[in-house]
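Novice: Sequence plus the predicted model coming up.
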Amino acid sequence: MQLEKQKENIQSGEAAPVSGLYRNDHEHANERDFWIGKDQRLPSCPICGKAAAFTLEQQVEHISRDADFS
Ligand SMILES: [Zn+2]
């Protein structure tokens, strides 16, 4: 493994790079933490429709036969 823990910032509408718990600090968010699966798009604000910035809080490892281990 050569991955480093990094805070990644992802915007609404972008696909999650990994499965995990994402936190957003949007002003209207009544839920701050979202479980998002890999390649799922992060939601935008249901109230104002604006994009929110999400930060990966906790990556969740999925054992998948499709993952390209090397
Ligand atoms: Zn909003």
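Specialist: Cool, got the structure.
Novice: now the protein, which segments are flagged as low pLDDT?
Specialist: Residue ranges of the chain with pLDDT under 70: 1-7, 62-70.
Novice: List, one by one, the residues from it near the ion.
Specialist: Applying Cβ under 5 Å from the ion, one finds that the chain approaches the ion through 28, 45, 47-48. For every residue, glycine as well, the C-beta is placed using N, CA and C.
Novice: Among the residues you listed, name the buried ones.
Specialist: If you count burial by 16 or more other Cβ atoms under 10 Å, none of the residues of the chain next to the ion comes out as buried.
Novice: Out of these, name the ones that lie in strands.
Specialist: Within the residues of the chain next to the ion, no residue falls in strands by DSSP state E.
Novice: Quick check: of the residues you listed, which lies closest to Gly20?
Specialist: Taking Cβ to Cβ as the measure, Gly20 sits nearest to Cys45 out of those, at 20.3 Å.
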